[in-house]
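A.B. asks: Below: sequence and its predicted model.
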Amino acid sequence: MSERSRFLEPITRENVAVVLVDHQVGLLSGVRDIPVGELKHNVVALARAATVLGIPLVVTTTAADSMWGPTAPELVAALPAGQKIIDRSTVNAWHDERVRGAIQATGRQKLIFAGVSLEVCAALPAYSATAAGCDAYVAVDASGTFSRTKREAGLLRVQQAGVIVSDYATLMVEALADNAAPEAEALYAALDMPFAVLVGQISAAYRA
C-alpha cells in the first residue's frame, strides 16, 4: 500500500485511538488562537464521542504538579470511568515509555492527536508515531496554542511531515460510518451538535 493510499483507508472504531496531550489548566490559560471555551468544548466532545464508539483513549499531562497544573476539570469529567492520566516529564509524549506503551497497547494503526500546544504537544508525538509506521492525524480544533503565528507554523510543519489535519467532529463521524448505527444518536449528542437533534425532532413530527 502506498504512503498516500494508507490515509485514504477510512478511520473506523476498530482501527483508531485518540491521544489527548496536555489539556492542562496552566497551558489553557495561555491559548490565544482559539477561544478557550470553544477549545474545551471541542476536546470534551472528542473524548465523549470516542467513548460512545468504544475508541481507546490515551490521556497525558506534563509536569502537572509543578509547571502546568492538572487536566482541565471539564475534560476529566468527560473521560471514561477509571481512565488513567499519565503524567510525564518529556516534551514529546511519545518519548515517555508509559505513554508510548499505552498507545501501542491499543493495537490501533491510526492515531488521532490533540493537544496544547498544537505545534508541540499534538505535533511532536504525531511525527514520532508517523516515523514508527502509524497513521497520524491531528484534530486541530481540539488543539490550541499561544499565538496565531505559532498555529500557522505548526500546521505547516504538521502537513510537511505527512500528518493528516482534520477537525474532531469529522474524524468521529467518519469512525461512526453509518447513521443507522445504534450509537448514532448518542454520538451526535456527544459531539454537541444540537441542530442534529432538532432535525431529528422535526422529522419525527412529520412522521407522526
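C.D. replies: That came in fine, so what should we check first?

A.B. asks: Going by C-alpha atoms from here, please, whenever you check contacts or count neighbours.
C.D. replies: Fine.

A.B. asks: Next one: the residue most central in space within the chain from residue 141, what distance?
C.D. replies: With distances taken as C-alpha atoms, centre = their mean, residue 114 lies nearest the centre of the chain, 4.1 Å away. Applying C-alpha to C-alpha, to the nearest Å, the value for residue 114 to residue 141 is 8 Å.

A.B. asks: overlap in contacts of these two?
C.D. replies: Residues touching both residue 114 and residue 141 (C-alpha atoms under 8 Å, 6 or more residues apart in numbering): residue 43.

A.B. asks: From residue 85, how far out is the spatially closest residue to residue 68 that is not a sequence neighbour?
C.D. replies: Take residue 68 and drop its neighbours on the chain: the residue closest to it by C-alpha to C-alpha, 6 or more residues apart in numbering is residue 26, 4.5 Å away. With distances taken as C-alpha to C-alpha, residue 26 is found 16 Å from residue 85.

A.B. asks: Between these two, which is the more surrounded one?
C.D. replies: Per other C-alpha atoms under 10 Å, whichever of residue 26 and residue 85 has more neighbours is residue 85, with 19 against 16.

A.B. asks: Am I right that the more buried one is in contact with residue 61?
C.D. replies: Yes. Taking contacts as C-alpha atoms under 8 Å, residue 85 lies within contact range of residue 61: 6.9 Å.

A.B. asks: So for residue 208, what's the pLDDT?
C.D. replies: In this prediction, residue 208 carries a pLDDT score of 60.

A.B. asks: mind listing what's buried in the biggest helix by length in the chain?
C.D. replies: The single longest helix within the chain, with elements called by DSSP state H, is helix 36-52. Judged by neighbour count using 16 or more other C-alpha atoms under 10 Å, the buried positions of helix 36-52 are 39-52.

A.B. asks: From those residues, pick the one nearest residue 14.
C.D. replies: residue 50 (11.3 Å; C-alpha to C-alpha).

A.B. asks: list the contacts for that closest one?
C.D. replies: By C-alpha under 8 Å, 6+ apart, the contact list for residue 50 reads 18, 56-57, 172.

A.B. asks: Format those residues as a markdown table; extra columns: pLDDT.
C.D. replies: Below are those laid out as a markdown table (pLDDT from 0 to 100):
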| residue | pLDDT |
| --- | --- |
| 18 | 99 |
| 56 | 98 |
| 57 | 98 |
| 172 | 98 |
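
A.B. asks: May I have stretch 16-31 as CSV, with CA atoms only?
C.D. replies: Output of stretch 16-31 as CSV, limited to C-alpha atoms (Å, rounded to 0.1, in the frame of the first residue of the first chain):
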residue,chain,number,x,y,z
VAL,A,16,-8.2,4.2,15.6
ALA,A,17,-7.2,5.5,19.1
VAL,A,18,-7.4,9.1,20.4
VAL,A,19,-4.4,10.6,22.3
LEU,A,20,-5.1,13.7,24.3
VAL,A,21,-1.9,15.6,25.3
ASP,A,22,-1.6,18.3,28.0
HIS,A,23,-5.1,19.9,28.1
GLN,A,24,-4.0,21.4,31.4
VAL,A,25,-5.3,24.4,33.2
GLY,A,26,-2.0,26.3,33.1
LEU,A,27,-1.4,25.7,29.4
LEU,A,28,-5.0,26.5,28.5
SER,A,29,-4.7,29.9,30.2
GLY,A,30,-2.2,30.9,27.6
VAL,A,31,-4.2,29.8,24.5
